[in-house]
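> model this:
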Amino acid sequence: MALTQQFARVAPEHLERLRTGTEEWDPGAENLRVYDGFTDPPRLLQPTAVADIARALDALDPGALLAELPDSPDEASAVCGLGPLSDGDVRGHLVEHLTAMREFYGEAAIHEQCVVTWID
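Residues are numbered from 1 along each chain as shown. All right, here's what the predicted structure looks like:
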């Protein structure tokens, strides 16, 4: 069974309305998740922590981070714990995910949103 880290951006006002019971939330059956105790429970990152993470992600230099990665796709994949990649472009895969994380946290920081994260 593969485990993946999940993220959701949520406005603090929306969380407060849910907490006080002034708003009902129906995520739909396809989005309903039950915490099974297998991993850590979901964590809530407040807007200040989200902004800190966004700044830290923006400060990363992908070239410097990937400079020591082996040239062999199999070795690079093993070093990163990714398993075999179908296209063998480990650097491209990592840069793609870094870009996605930067965009995700950057947008959340701009809108002063919270982030909920969990392992699924």
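
> all contacts plus neighbour counts: C-alpha atoms, from now on.
Will do.

> ok, which stretches of the protein are strands?
Counting by DSSP state E, one finds strands in the chain at the ranges 5-10, 43-45, 114-119.

> List the contacts of the shortest one.
If I follow you right, that is strand 43-45. With contact meaning C-alpha atoms under 8 Å, 6 or more residues apart in numbering, strand 43-45 is reached by Cys114, Val115, Val116, Thr117, Trp118.

> Name the strands paired with it and say parallel or antiparallel.
Applying DSSP bridges to the sheet, strand 43-45 is found paired with strand 114-119 (antiparallel).

> So for the partner strand, what gets flagged as buried?
Neighbour-count burial for strand 114-119, counted by 16 or more other C-alpha atoms under 10 Å, picks out Cys114, Val115, Thr117, Trp118.

> Averaged pLDDT, that strand. What do you get?
Throughout strand 114-119, pLDDT has a mean value of 87.

> Repeat that for stretch 72-80.
Computed over stretch 72-80, the mean pLDDT rounds to 85.

> CA atoms only: put it into PDB for me.
The C-alpha atoms that make up stretch 72-80 are tabulated as PDB, following Å, rounded to 0.1, in the frame of the first residue of the first chain:
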ATOM      1  CA  SER A  72      22.100   7.300 -13.400                       C
ATOM      2  CA  PRO A  73      18.300   7.500 -13.300                       C
ATOM      3  CA  ASP A  74      18.100   4.200 -11.300                       C
ATOM      4  CA  GLU A  75      20.700   5.400  -8.800                       C
ATOM      5  CA  ALA A  76      19.100   8.800  -8.500                       C
ATOM      6  CA  SER A  77      15.700   7.300  -8.000                       C
ATOM      7  CA  ALA A  78      17.000   4.900  -5.300                       C
ATOM      8  CA  VAL A  79      18.800   7.700  -3.400                       C
ATOM      9  CA  CYS A  80      15.500   9.700  -3.300                       C
END
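
> which residues are in contact with that stretch?
Stretch 72-80 has contacts (C-alpha under 8 Å, 6+ apart) with Leu69, Pro70, Gly83, Pro84, Leu85, Gly88, Asp89, Val90.

> Thanks a lot, catch you later.
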